[in-house]
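Colleague: Curious how this folds, go ahead:
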Amino acid sequence: MLTNIETLLRTLYNNRLFFETLFEKRNQIVKISELINEKIDYEKIQYFNEVELVSLSDDLIELDDRLIEFFEEFLDTSRDIKIGAIDDILEHLVFHISNVKEIKDYEKTKNDIKKIRRYLKQIPLLILKNIIQLSHHIGLVYKTQEDFKSKINALEFHKTRVEKLIIIKQKVQKILLLEEIFFVNSYDNEILQLQRDLKIKMHDLSLSLIALQKEVIEYINRSIKKVSFWQKVIRLKELRDNFELKEKTDILVLCEQNMPLKFSNLSTNFKTNLNHDLIYDSNYQDIVKKLLKNKKLKKVEQKYASKIDEEFLNSQFEQKYIIDTDRLNSEFLATNYNLFEFILYKKFNENLDDEQKIELFCKMLLLYEESYVLQNSYQVYNGFKYIMVYAK
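Modeller: Here you go, the predicted structure:
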């Protein structure tokens, strides 16, 4: 292993074409013979292996994992989904904020403030990158995976990743809410601006995550339906191949039930077009007149839709008050109230009646159940019995 930074950088620079090629082909199988040329011989490759810049296996070669990770991180070219990295950044962000709050000395906390700025920039970029990568992987699995069981397993796996990202998004919003006073009182204008930008970006990312969650669930449901359909088709084929289709199923009865009655016993081999010789016959008009006398024709009445009421056209649509449940949940998680009392006594921009608040309570419980603790105790409010729910 190289322990001198100068030697490491010089080795990488002097053999930059070699390492560039290995990095570009990091997801491919590369043979040693492909890289040997006038400047790179087998002895030099052995040296690279000894200092752990590459790893050899028989006649194959690949760049060391640490170098790949370093280059991908620096160049932002990694296609891996690293949700845990965001969690680590959030922990470091909270740690450095607490340092600044406790020490209260700008000179001593310069390094902490610098890192807080960097983390506030990194968080939305990392979440967005993970959303893009997840969306790519989900679409790829659904469109290219042929085995249905493997497809469903892969989609379920990616669904859990989406759910983890949603939990991380909630953690970010909770930190922003709990540390609101720190950001407002911060003497660093850049930190305050980054905090405001992060709030806006988190709202947009929330919409993207909801759309991605719906997409993967829809793909899973479609795949499950296809599995069920093909299982039935395979079973029918097995019965047919074993000459047991008629004996073990009621297929003949079903066919008779679904066959149109008018044509079930008639041959369909008849002409529906007029004979051209008959049309040009001199007696053709007389034949048509006789048929018209014998056949009573009814004039079809054309029905029209009723006229639209003028009051409907002149009326204005009622504007519906929409509650941001993500923000409401973040506020609740920062309190010691139970969920129902929190909703009951909260002042909303528009007055909500008891029925609307009960409906909101049920909606919050369904959306964010994983973030709550449900106790085995109940209270009654105006005849409504509700469970005691607290933040984790």
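Colleague: Which strands or helices does the helix or strand hosting Leu328 pack on?
Modeller: Per DSSP states H and E: Leu328 is located in helix 325-333. Here helix 325-333 touches helix 148-178, helix 339-345, helix 354-367, going by 3 or more CB pairs under 8 Å, 6 or more residues apart in numbering; DSSP states H and E. Quick note: C-beta positions are derived from backbone N, CA and C, even for glycine.
Colleague: could you point out the longest strand in the chain?
Modeller: strand 372-381 (DSSP state E).
Colleague: Convert it to CSV, retaining C-alpha atoms only.
Modeller: Taking Å, rounded to 0.1, in the frame of the first residue of the first chain, the C-alpha atoms of strand 372-381 are listed here in CSV:
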residue,chain,number,x,y,z
TYR,A,372,-46.4,7.3,15.7
VAL,A,373,-46.8,5.3,18.9
LEU,A,374,-50.4,3.9,19.4
GLN,A,375,-51.2,3.3,23.0
ASN,A,376,-53.8,0.9,24.3
SER,A,377,-56.0,3.6,25.7
TYR,A,378,-58.9,5.7,24.4
GLN,A,379,-60.7,9.0,25.1
VAL,A,380,-64.1,10.2,24.1
TYR,A,381,-64.9,13.6,22.5
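Colleague: after that strand comes which helix or strand?
Modeller: Counting by DSSP H and E, what follows strand 372-381 is strand 384-391.
Colleague: mind listing what's buried in that next one?
Modeller: Neighbour-count burial for strand 384-391, with 16 or more other CB atoms under 10 Å as criterion, is recorded at 386-387, 389-391.
Colleague: Could you do stretch 40-47 as well?
Modeller: Buried, per 16+ other CB under 10 Å, within stretch 40-47: 40, 45.
Colleague: sorry, back to before: per-stretch mean pLDDT over the helices and strands packed on helix 325-333, give me the minimum one.
Modeller: Averaged per stretch, pLDDT over the helices and strands packed on helix 325-333 is lowest on helix 354-367, reaching a mean of 85.
Colleague: just checking, what packs against it?
Modeller: On a contact count with 3+ CB pairs under 8 Å, 6+ apart, helix 354-367 meets helix 325-333, helix 339-345, strand 384-391.
Colleague: between that helix and strand 372-381, how big is the angle?
Modeller: Counting by axes from the mean of the first three to the mean of the last three CA atoms, to 10 degrees, helix 354-367 points 160 degrees away from the direction of strand 372-381.
Colleague: Helix 354-367: how far from the chain's middle?
Modeller: On the basis of CA atoms, centre = their mean, to the nearest Å, helix 354-367 sits 25 Å off its chain's mean C-alpha point.
Colleague: what's the answer for stretch 61-68, then?
Modeller: Here stretch 61-68 is found 31 Å from its chain centre; the criterion is CA atoms, centre = their mean.
Colleague: which one of the helices and strands packed on helix 354-367 lies closest to Leu12?
Modeller: helix 325-333 (45.8 Å; CB to CB).
Colleague: List the buried residues of that closest one.
Modeller: Neighbour-count burial for helix 325-333, counted by 16+ other CB under 10 Å, picks out 326, 328-333.
Colleague: With stretch 27-42 instead?
Modeller: Neighbour counts over stretch 27-42 (16+ other CB under 10 Å) mark 30, 32, 35, 40 as buried.
Colleague: would a markdown table of those with secondary structure and distance to Leu192 be doable?
Modeller: Formatted as a markdown table, the entries for these read as follows, by DSSP: H, G, I helix; E, B strand; the rest coil; distance: CB to CB, whole Å:
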| residue | secondary structure | distance to Leu192 |
| --- | --- | --- |
| Val30 | coil | 49 |
| Ile32 | helix | 55 |
| Leu35 | coil | 52 |
| Ile40 | coil | 53 |
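Colleague: for those residues, which one is nearest Leu365?
Modeller: Val30 (54.2 Å).
Colleague: tell me which of the buried residues of strand 384-391 is nearest to Val141?
Modeller: Using CB to CB, Ala391 is the member of those that lies nearest Val141, at 35.0 Å.
Colleague: Pretty sure Asn329 is one of the things that closest one touches, is it not?
Modeller: No. Between Ala391 and Asn329 there is no contact under CB atoms under 8 Å: 9.0 Å.
Colleague: Overlap in contacts, the two.
Modeller: Counting by CB atoms under 8 Å, 6 or more residues apart in numbering, the residues touching both Ala391 and Asn329 are Ser371.
Colleague: pLDDT score for Leu63?
Modeller: 89.
Colleague: from now on call the first residue 323
Modeller: Understood, numbering begins at 323; the last thing we discussed is Leu385.
Colleague: Quantify the burial of it by counting its neighbouring residues.
Modeller: Neighbours of Leu385 under the rule other CB atoms under 10 Å: 21.
Colleague: Quick check: chain neighbours aside, which residue is closest to it?
Modeller: Closest residue in space to Leu385, ignoring its immediate chain neighbours: Leu344 at 4.3 Å, by CB to CB, 6 or more residues apart in numbering.
Colleague: Against Lys473, how distant is Gln405?
Modeller: I think there's a mix-up here, since residue 405 is Ile and not Gln. According to CB to CB, to the nearest Å, Ile405 stands 22 Å off from Lys473.
Colleague: same check, this time on Leu389
Modeller: 34 Å.
Colleague: could you pull out the helices for the stretch 373-522 of the chain?
Modeller: Using DSSP state H, counting those that start in this stretch, the helices of the stretch 373-522 of the chain run over residues 387-397, 405-425, 432-466, 470-500, 502-506, 511-563.
Colleague: would you turn those helices into TSV with mean neighbour count?
Modeller: What follows is the helices of the stretch 373-522 of the chain, written out as TSV (neighbours: other CB atoms under 10 Å):
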stretch	mean neighbour count
helix 387-397	13
helix 405-425	15
helix 432-466	17
helix 470-500	18
helix 502-506	13
helix 511-563	14
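Colleague: Looking at the ones you listed, which is nearest to Asn704?
Modeller: For Asn704, the closest of the helices of the stretch 373-522 of the chain is helix 470-500, at 30.2 Å, according to CB to CB.
Colleague: Compute the inter-axis angle for that closest one and strand 706-713.
Modeller: Interaxial angle, helix 470-500 versus strand 706-713 (the same axes, to 10 degrees): 80 degrees.
Colleague: Please compute how far helix 470-500 lies from its chain's middle.
Modeller: Taking the mean of its C-alpha atoms, helix 470-500 sits 8 Å from the chain's own mean (CA atoms, centre = their mean).
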